[in-house]
Every structure is written in structure tokens, then in C-alpha cells.
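In: Any chance you can model this:
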Amino acid sequence: MTRALTAFLFLFLFGLRAAFAQQDQGVWVQVEAQPSLREAQDRAQAYSSTLPDVNGFRLNSGWYAIVIGPYLRDDAEQVLRVYRAEGQIPADSFIAFSNSLGQQFWPIGANILDRGAITAPVQPETQPEQPQAALSQESDETRSEALQGERLLTAQERKDLQTALQAAGFYNSTIDGAFGQGTRRSMGDWQRFNGYEPTGVLTTLQRKTLMDDYNAPLISAGMERHSDTQAGIELDLPLGLVSFDRYEAPFVHFKPTTDFNAQALLISQEGSKSTLRALYEVMQSLKIVPLDGPRELRGDSFTLEGRGNGIVSYTQAALKDGKIKGFTLVWPEGDEARRARVLAAMRSSLSTTDAVLDASAGADAEQRIDLVSGLQIRKPRLSRSGFFADANGAVLTVAEAASSCTRVTLDGDQELQVAWTDVDLGISVLRPIRTLAPMSVAEFSASQPRIQSEVAVSGYSYEGALGAPTLTYGQVADIRGLNGEEGVKRLSLVAQPGDAGGPVFDSSGNVVGMLLPTASEGRTLPDTVSLAAGADRLNEVLTKAGVSGQSGQETAQISPNELSRRATGMTVLVHCWD
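Out: Have a look, this model is predicted:
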């Protein structure tokens, strides 16, 4: 085979591949994403009733995207502008690419991900006539003219072009601003893929097209420079999705302006390392910082990331010259590519001044015990009582306090694992991740309590609102359950839902049972009727879990103060977290 023929075949195959790439360069307008398939199908159907070319795909994040297309890039941008202006799609809709989409779910049974671009329903805008000189400068530049324009670029602008080429998949070398052979080859490949003459030097218009593609996520979020003189912070913020709300020290609150529900905080306060550590701990107790995610406190700074419950949250703060400055970005799950770009822009643009937010800012705001500077404290799905059953910190509680939980903790964030569950009785034995040293441990009575004898239940009646367990007094109404069940006692006392799982004491201070939840389905019991699992059944469950319960001594009646002391040292608050 001659060298000329080899060269011809290479050029032919390369051109053929480029032609196919050209054909399959369709992009999409993503209008929204939903966490569940059912919600996404309903929304896709709603859009389909008013708009053409509506499709739905599963995202890599597990969310479900509703998109319109695929169109050629210029057509897609025109569709985006027109539909936004008409209010037919949300203001935060943006251009999406096929590589971010997975299995199609709408229309049902369709599979059009690789079919190529189709004709857009919106006609291109008529562009005003431009002087010939302007056309020459932007779209008809010669290679020499493009090189002259390139020499006017700053070092950062040259690096930005390399970064954009890298993001588009054409460049995989160092971001150094030096346009060597590798960069020139990447520019030529990008030009060829996008239908331009592959000169290896981008014209003014081509540079703008490349950067617009790269910055599309930021443009769709409305990234703008924001300066807060009171907080002493300047940075780029997605002001197309959030707007200033209020000051409530140490935070500047930005609320969502669309149903996309992004949020942002600026952090500004005077402090020391201990203040920084306290802020680090407080942030982790907030609802906007889900439990799962990396977090690090190192020296004079910290970072926190939380994922779950439909959001991704990132916080960073640093201490310098007695001032703590930072920010938080809260973003809905399912839009990771755009979130990453917005977050990177915020981090790289952050700068501070000597000003710091007044500590009294927002002092007249609403006050609630479940709010910290206007932010909701993260709450467990369920909180119930429990009590220590051995000296290593094993806990007896009701099964509902540990069922279907992503995390189970004691008040104070001690994590627990389920060691055994008796499904029929509704009892669980929990073991601490780290060995605990309880102040007091249950001593189980070896004898049956007598009917009409006095008992007391120790529990967190209001699920921790009071900060300590309370004692509720009553009597043993029957030593069997409502249907004559053995191992269950019927009590005459008025209990609250939070008391379930709490120990039942006799007058000697021994544990004769554990309060069970009040039945809520199929029947309604009088307020004074409660049920408790007997001590013998509790010991059986402990044995199956490998825990040895401690037997109590039959003694004379103890004082109310002594009973309260034992109950307080033994009773714990068990949290079930989603």
C-alpha cells in the first residue's frame, strides 16, 4: 500500500468519524429533576401536554431528569431562551448533554438517547445585520488575525481556555496557559468536531463559543459577584437561584428564589480556635447538613459535606486574625455537575475584608429551641426511651426506636447497633459502638409484681424536650396482657409516646418490666391503660443477645429521691435517624 493511499484512507476514516460525531452532537434542555420515578412521570406527562419533544431519563445520581430535545446546540439555546421567556419552563433550566443521561423512562417504552438531533420547534432568531468589519473580527478571522487576538489574552484567560477544552474532552495535559503542540492539537480537534476549519488557533467567536459551553452551568445558575460589606465577604454566588434574605449572626441567609430550592449562607464572626470548633459541631447538628459525607477539622479551618434527604450540602470556614469567615451551599440532589461548577466558582472567588458581622445582627428574629441562628436543627425521625441493661452499655428499648433507621444514637450522639430484636414482643437490644460506663444499670426483680402494687415508669415523655427523664406513677392492673398473654403486664397509668421503652420500677427500685408502645391501629385504649413487657421476658431477650441481666435484691421501699437517682442514671433517650 502506497504512502499516499494510506494517508488518504486515514483522512477518509477520520472525516467519516467526524461526520458521525457531527450527526450525534444533539444536546438537551433539562427543565427539572425529581427524586422518585412516580413524581418524574407525572411531571413529564404535564410538560408533554404543552410542549413537544419531552423525554425523561434516569440520572447517574439516581434522580430522574425531564429534558426537551435533542437539538443542535444553537437550536437548544434558542429553545431555552424562548421557553424561559414564555414561562413554559423554570428559570433555572439549562443545557444538558447525553453523557449525563441514563435509561429512558418517558415516553414509556421509548429509547431515543442516540438518535441524533432533531428539528427544533422554535425558529432561530433573526440576527441584525452587522458591519463587515465586525463579522471579520468574530466569525471570519484568518489564522493570523486569530493569533493576534490570542496574544491579547491574559494568562488566566489562556488557562481558562485549556480548562474548557479539558472539560469538553479534547485536552488532557497541564493547565499552564502555554499553547504548545498539545493545546494546538486539542484546539484543532475541537474545531473539527464543531464543524470549523481545524487551524489549531481559535478565533474570537470560537473562543466565546467554547467558553459559553463551559460556563453554561454557571450561566444557568446566574453566577454573579456579590459583596457584603457588613460580613466582610466577597464571592461569586448563584444569584439566579438565591437572593439575600436576612442577617442572623453569624450567618448571612440567602433564600431560594425558584422551586429548585438552592440555599446559601455566608459565615462571619469574631472568634478563636475554640469558637471555630464550636461552629464545626453546631453545623453538624443542622438539618441542612445531612449525616452522610466527609468532614474535617484541621488547624484553623474545617470543611463539611453532607448528602441525604434530597440535598447535598457543603460548608467551609477558616480562622484568620481572630475572624472566622466562610460559606455554605445547599443544593438539591440530582444536579451534581452543575453543583460542582457552582461550588468551585464560589471557592475560587472567595475573598474577605477586615469587617465582621455584628454579633447582635438578627437578635430580634424568631426564637425557638429547635432553631440556631434561624436554621432548623436536624431532628430524628423518632425518639423513644430505653435503659442500660449491663455495665458495658447495652440498651433495652422498643423495636420501633431502631427499625428501618439509617443511624441509631443515644442522646449525646453515642452510636448504637441492633444486637437482637424480638419482633413479636416489639423489643430490641442495642449495643454501643464504643463501650460506655453507665451511672446505673437495671436490676431485674425475680418475682412477679402484685396486682394493685405501686409502680413508676421512667421515660423521656416529651422525646427529649425536657432534657431529662421524668417519673410517671401508677399501679399494676393485671399481670397478663389484654388477651391474657403471659409475659405482659397491664398498668394503670397515663404515659406519653416518648415513655415507650422506659423501665418500670417497683417500690424497691427493681425493674419489673419495660413500657411498650400504645397500640395505634385497629383499637383505641383508655388513656389510663398501658402495657409493659415483664422482667422474665426481658431477660430472655437479653440472653439471646448475649447480655446477662443483673438480678435485684428484694429490699424495703426506697425513697422517691433514691428512685429518681437510679432512674436518671439508667434511662436513656434513643434516637432513630433517617
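
In: Does Arg84 belong to a helix, a strand or coil?
Out: Each residue gets one of three states, and Arg84 gets helix by DSSP: H, G, I helix; E, B strand; the rest coil.

In: Could you report the neighbour count for it?
Out: Arg84 has 17 neighbours, counted by other C-beta atoms under 10 Å. For glycine as for every other residue, the C-beta is placed from the backbone atoms N, C-alpha and C.

In: right, and it touches Ser93 too?
Out: Yes: with contacts counted by C-beta atoms under 8 Å, Arg84 reaches Ser93, the gap being 6.4 Å.

In: Walk me through the domains of the protein.
Out: 24-106, 132-221, 223-376, 382-577 (automatic domain parsing).

In: and the third one, average pLDDT?
Out: Domain 223-376 shows a mean pLDDT of 92 in the predicted model.

In: now do the longest one
Out: In this model, domain 382-577 has an average pLDDT of 89.

In: just the first one next, same as before
Out: When pLDDT is averaged over domain 24-106, the result is 86.

In: Work out the gap between that domain and the centre of the chain.
Out: Distance of domain 24-106 from its chain centroid, counting by C-alpha atoms, centre = their mean, to the nearest Å, is 23 Å.

In: returning to what we had before: who wins for proximity to Pro121 among the domains of the chain?
Out: Proximity to Pro121 (C-beta to C-beta) singles out domain 24-106 among the domains of the chain, at 5.2 Å.

In: okay, now the residue nearest to Asp92 when sequence neighbours are not counted: neighbour count?
Out: Distances taken as C-beta to C-beta, 6 or more residues apart in numbering put Phe260 closest to Asp92, at 4.7 Å, once the chain neighbours are dropped. Counted by other C-beta under 10 Å, the residues lying close to Phe260 total 20.

In: Please look at Val574 and Val395 and confirm they touch.
Out: Yes: assessed by C-beta under 8 Å, Val574 is found in contact with Val395 at 6.8 Å.

In: list the residues that contact both of these two?
Out: Contact with both Val574 and Val395 is made by residues Gly386, Leu410, Leu416, Leu430, according to C-beta atoms under 8 Å, 6 or more residues apart in numbering.

In: show me where this protein has helices.
Out: 3-23, 37-48, 73-86, 132-138, 143-151, 155-167, 181-193, 204-221, 273-283, 336-349, 535-544, 560-570 (DSSP state H).

In: okay, those in a markdown table with distance to Lys325 next?
Out: Shown next, in a markdown table, are those (distance: least, C-beta to C-beta, whole Å):
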| stretch | distance to Lys325 |
| --- | --- |
| helix 3-23 | 46 |
| helix 37-48 | 38 |
| helix 73-86 | 35 |
| helix 132-138 | 41 |
| helix 143-151 | 38 |
| helix 155-167 | 24 |
| helix 181-193 | 36 |
| helix 204-221 | 22 |
| helix 273-283 | 11 |
| helix 336-349 | 13 |
| helix 535-544 | 52 |
| helix 560-570 | 42 |
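
In: closest to Pro503 out of these?
Out: That would be helix 560-570 among those, by C-beta to C-beta, at 6.4 Å.

In: now the closest one, how far from the centre of its chain.
Out: Chain-centre distance of helix 560-570: 41 Å, with C-alpha atoms, centre = their mean.

In: Gln553: what's it in contact with?
Out: Per C-beta under 8 Å, 6+ apart, neighbours of Gln553: Glu443, Ser508, Asn510.
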